[in-house]
Each structure stands twice: as C-alpha cells, then as structure tokens.
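Asks: Predicted model and sequence below, questions to follow.
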Amino acid sequence: MITVHVRLFATLRRHFPNLKIGEAMPVELPDGTTVGQLIEHLGVPSQEVKTVFVNNIIRDPESPLRSGDEVGIFPPIGGG
C-alpha cells in the first residue's frame, strides 16, 4: 500500500465538504495506482478534472503514484 496526500481545488472540494481550503487528505492506495485510478477512487468525475500536479509537476492519468506523493487536482477554470 502507498499513501499520497491529495488537495482538491475550487469546485472539486464539494466532493469532500469537510476539507478546509488547502487542506491535504491522506489517501491509501494499492501499489502501482495511477493518477487516473486515484481520481476514480476519490469518486470525482473525470470530466471535472482538468489538471493534476504530482509533486508540482503536471501528470497525465497514466502516471504512477508513489508513497509520499503530493497531489493537487484542479478543475477547468474560466476567467479573463
């Protein structure tokens, strides 16, 4: 098993309403879990996810995670 620390940003926080702004939650996963599998495990619809950072580097859904990784998940953001 591995443990990663996940931060959900903006509208994605509604999936975990008890999280405070900027608060990371530890998530235990099987070895070899990918970014996409993490999103599925969290129950966040993949169409709501635009960008995922792992240790401050943008990663795609197939990227594997390792214990201790810091994961930030962002929705699409509009603005001008």
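Replies: Good, I have the coordinates. Keep in mind that this is a model prediction, so the values were computed, not measured.
Asks: Could you give the bridge partners of residue 2?
Replies: Beta bridges link residue 2 to residue 29, judged by DSSP bridges.
Asks: Go ahead and confirm it touches residue 26.
Replies: No - assessed by C-beta atoms under 8 Å, residue 2 is found out of contact with residue 26, at 10.4 Å. Glycine gets a C-beta too; all of them are placed from N, C-alpha and C.
Asks: Settle it for me: which of the two has more neighbours?
Replies: residue 2 (16 against 8; other C-beta atoms under 10 Å).
Asks: so who does that one touch?
Replies: Contacts for residue 2 were tallied using C-beta atoms under 8 Å, 6 or more residues apart in numbering; they are 28-31, 33, 65-69.
Asks: got it, and residue 63?
Replies: 34-35, 54.
Asks: dump the residue contacts of the closest residue to residue 64 other than its chain neighbours.
Replies: Once flanking residues are discounted, residue 64 sits nearest to residue 34: 5.6 Å by C-beta to C-beta, 6 or more residues apart in numbering. For residue 34, the contact set (C-beta under 8 Å, 6+ apart) comprises 61-65.
Asks: Could you give the bridge partners of the most centrally placed residue in the chain?
Replies: Nearest to the mean C-alpha position of the chain, counting by C-alpha atoms, centre = their mean, stands residue 73 at 4.1 Å. Beta-bridge pairing for residue 73 (DSSP bridges): residue 8, residue 52.
Asks: re the thing from before, mind checking which of the contacts of residue 63 are in helices?
Replies: Among the contacts of residue 63, the members found in helices (DSSP state H) are residue 35.
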